[in-house]
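Student: generate a structure from the sequence data that follows.
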Amino acid sequence: MDIRDRKDDELIRQLFCTTRIFSRTLNGCVAPLGLHSSEWMVLNFIHLNDGIAQADLIRYFKVEAAAITRTLSRLEKKDLICRHPMEKGRGKYIELTEAGRDLFAKAEPFVTAHRRQALQGLSATERQQLLTLCAKVQAALEAE
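Tutor: Now for the predicted structure:
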């Protein structure tokens, strides 16, 4: 393994560790409210896109359909969302319930504080650069 490969391995390890740490600490923020970080991410996206199609969630989060279905089922059991059949064609659209909107309002300040803590050392320019670089890595992986 040459020096470039070692540096690339370290970069990938850092990306992986950063994601794991972020997820673990986000879990700490939302667990007292009965949520897991993956549930929060979906709840937040539905809040921003009420009435979104389940298929759009799968595309947005770039996960298997089964993973989104499991998360939605957990949120539905907690009465935080409701799924409705689409008027035309297959699929379902998702909306927050009143309980979902209430829980979102309770969780959002904690999640915002967590996000600000995570990004506090980055300037607006660095944040945009990081976003661009992550998109490039994702595009390269999706091209395979």
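
Student: who are the contact partners of Ala31?
Tutor: Taking CB atoms under 8 Å, 6 or more residues apart in numbering, we find Ala31 in contact with no residue. Every residue, glycine included, has its C-beta placed from N, CA and C.

Student: got the phi/psi numbers for Gly34?
Tutor: Main-chain torsions, Gly34, degrees, to the nearest 10: phi 80, psi 20.

Student: do the same with Leu96
Tutor: phi -80, psi 140.

Student: mind checking pLDDT for it?
Tutor: As predicted, Leu96 sits at a pLDDT of 98.

Student: report the beta-bridge partner residues of it.
Tutor: Leu96 has these beta-bridge partners by DSSP bridges: Ile81.

Student: could you tell me how far the longest helix anywhere in the chain lies from the centre of the chain?
Tutor: Using DSSP state H, we find that the single longest helix of the chain is helix 3-30. Distance of helix 3-30 from the chain centroid (CA atoms, centre = their mean, to the nearest Å) equals 16 Å.

Student: now do it, average pLDDT.
Tutor: 96.

Student: which strands and helices sit next to it?
Tutor: When contacts are defined as 3 or more CB pairs under 8 Å, 6 or more residues apart in numbering; DSSP states H and E, helix 3-30 sits against helix 37-48, helix 98-119.

Student: so which of these is the most packed in?
Tutor: Across the helices and strands packed on helix 3-30, averaging neighbours per residue (mean count of other CB atoms under 10 Å) puts helix 37-48 on top, at a mean of 19.

Student: can you name the next helix or strand after it?
Tutor: strand 52-53 (DSSP states H and E).

Student: next, the angle from the longest helix of the chain to helix 98-119.
Tutor: 140 degrees (axes from the mean of the first three to the mean of the last three CA atoms, to 10 degrees).
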